[in-house]
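Student: this one's sequence-less:
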């Protein structure tokens, strides 16, 4: 018996009767929750154990997403992020080499080195205040009673002062998602594997009713919003694993299997006039490097790759770039064909794979507990919209070729375009006494047809 962080606990002895050897593997003693963390507290609630000075000795990987019959993609992703996955092959950590089993993506052999998006992803201080947006502008679908759908489509307000819950989450996360999309395009132009940034969520993800954007029964002091969230909360790991889109977890460079000489073999990209990069939400400052390449506002991703190569630094293990510089680059690899190929990959990764449902108690005062109740249909919103496609002279997922529109060079105009509200159109159908209103620019049926 003993105490930890002011709480009493006891380790229960095994039963007096002998346990047959054949049953030893199945027998386990109860372990206090301080030392055996559930996946939800360790990955979503910020690990209360750490706030009390304890580190768990075991993690129960449940409540992940993206696991399939083929492999536990979500579980592996979360364990990698926490440096708890120890079975990757050496090639996973090397400049050139495929990812790990079960089925390494063969296209990864065409990539060498890494691109790292670091620093703070979002700079709310630069946003206009109030920053007014329609709550529905980042929803793929609105589901529920006709009155709920009409109300959601009319709601408009300051994004940063909206109530906690799915609408706020979808609106703010869209900016984060676009930066990841930009970084993926830059990595592709440089033929590098992308090291993801740490991500934030403004709502939990749950297959039933949330309460103010949180798991039922979780208080705000146990889960402040926003919170540091795992990759599988926002993206479909399985789609990334089987696409020409090589990525590594945000903690990749912290892994002791990375050689110090590799970690220090780095270059930083900066865009002239970009604000100084700030620490990310975990408190980590952008990586320091003695070599840097300066680019101009409106330079495209292909130009960035060419500038690094011109200095003879294309063999560096890792190239760093902060979000404030990345958002000032032109969203283009440099040719219509290259953009079209990238859009096709991202269509698989961010299209049909990203249809995620959020239901919150604030929008369901009369919820009966039955999700198919025709008398009281459940009211939910769905995300996520894909970021804007890279420009193609041949049109959406076209054959490419021809001239691309000129890149904007004025930093203020570039940022204003990123802050502009997207134009959405809607169509609907009936379901269980309620309705489904789809944003037709990303309707799942159309996306799935193109995906197949």
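Tutor: Yep, it's here. Model, not experiment: these values are computed from the prediction. Residues are numbered from 1 along each chain as shown.
Student: where along the stretch 101-250 of the chain do the helices fall?
Tutor: 146-154, 166-190, 237-241 (DSSP state H, counting those that start in this stretch).
Student: and the longest one with helix 146-154, angle?
Tutor: With axes from the mean of the first three to the mean of the last three C-alpha atoms, to 10 degrees applied, the angle from helix 166-190 to helix 146-154 works out at 50 degrees.
Student: buried stuff in helix 166-190?
Tutor: 166-190 (16 or more other C-beta atoms under 10 Å). Heads up, the C-betas are built off the backbone N, CA and C, glycines and all.
Student: got it, and stretch 199-218?
Tutor: With the criterion 16+ other C-beta under 10 Å, stretch 199-218 contains buried residues 199-206, 209-215, 218.
Student: tell me which of the residues you listed fall in strands.
Tutor: If you go by DSSP state E, the buried residues of stretch 199-218 have 199, 200, 201, 209, 210 in strands.
Student: from the residues you listed, which is closest to residue 130?
Tutor: Checking those against residue 130 with C-beta to C-beta, the nearest one is residue 200 at 21.1 Å.
Student: show me what the closest one bridges to in the sheet.
Tutor: residue 228 (DSSP bridges).
Student: got the contact list for it?
Tutor: 121, 122, 173, 176, 226, 227, 228, 229, 281 (C-beta atoms under 8 Å, 6 or more residues apart in numbering).
Student: cool, and residue 246?
Tutor: By C-beta under 8 Å, 6+ apart, the residues touching residue 246 are 99, 105, 107, 108, 111, 187, 193, 194.
Student: roughly how far does it sit from residue 162?
Tutor: Separation of residue 246 from residue 162 (C-beta to C-beta, to the nearest Å): 36 Å.
Student: burial count for residue 389?
Tutor: Residues near residue 389, counting by other C-beta atoms under 10 Å, number 16.
Student: quickly note the distance from it to residue 99.
Tutor: Using C-beta to C-beta, residue 389 is found at 26 Å from residue 99.
Student: same question, residue 174
Tutor: Taken as C-beta to C-beta, the span from residue 174 to residue 99 is 28 Å.
Student: over to residue 173?
Tutor: 26 Å.
Student: over to residue 403?
Tutor: In terms of C-beta to C-beta, residue 403 sits 37 Å off from residue 99.
Student: try residue 228
Tutor: From residue 228 across to residue 99, the span is 24 Å (C-beta to C-beta).
Student: ditto for residue 418
Tutor: Counting by C-beta to C-beta, the gap from residue 418 to residue 99 is 31 Å.
Student: cool, and residue 371?
Tutor: According to C-beta to C-beta, residue 371 stands 37 Å off from residue 99.
Student: more neighbours: the two, which one.
Tutor: More neighbours surround residue 99 than the other of residue 371 and residue 99, with 17 against 14 (other C-beta under 10 Å).
Student: that one is in what secondary structure piece?
Tutor: Secondary structure from DSSP states H and E places residue 99 outside every helix and strand.
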